[in-house]
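>>> What shape does this take:
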Amino acid sequence: QLQLVESGGGLVQPGGSLRLSCAASGFTLDYYDIGWFRQAPGKEREGVSCISSSDGSTYYADSVKGRFTISRDNAKNTVYLQMNSLKPEDTAVYYCAAGGPLATMSALGWTDFGSWGQGTQVTVSS
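So this is what the prediction gives:
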């Protein structure tokens, strides 16, 4: 059974940093595109960043570009999201998910991601 577990969330002041981890069990993560998503109360789930399984190429939403960095450690079967210069509007529950064969993420939206983790809360507040 494919399972993803997020960790690393917490409360941080504006301008601070957090590193989220997405650990996989039951499958080898490096065969899948992995996406990070976030959902704030009353809002739709937003695609934040994605890393390709084939060539390691990455995508970032405009709202996080230059501040967030996605990376993968295949030896640890884990994908990370380094978040710097955090803003109050980054407050949300963050999820990771594995991409299916038709997975896409762009400014137009996202599709075909599954095996969602339980999420980790990120709160940016002074």
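>>> any idea how far residue 126 is from the residue nearest to the spatial centre of the chain?
When Cα atoms, centre = their mean is applied to the chain, the residue found nearest the centroid is residue 36 (1.9 Å). Residue 36 is 24 Å from residue 126, where distance means Cβ to Cβ, to the nearest Å. C-betas here are computed from N, CA, C, even on glycine.
>>> do the same with residue 78
From residue 78 across to residue 126, the span is 31 Å (Cβ to Cβ).
>>> ok, the two, which is more surrounded?
Taking neighbours as other Cβ atoms under 10 Å, residue 78 and residue 126 compare with residue 78 leading, 19 against 8.
>>> gap between the more buried one and residue 125?
To residue 125, residue 78 is 27 Å away according to Cβ to Cβ.
>>> With residue 43 instead?
Applying Cβ to Cβ, the value for residue 43 to residue 125 is 17 Å.
>>> so what pLDDT did the residue of the chain positioned farthest from its centre get?
Distance from the C-alpha centroid of the chain, by Cα atoms, centre = their mean, peaks at residue 126 (23.5 Å). Note for residue 126: predicted pLDDT of 96.
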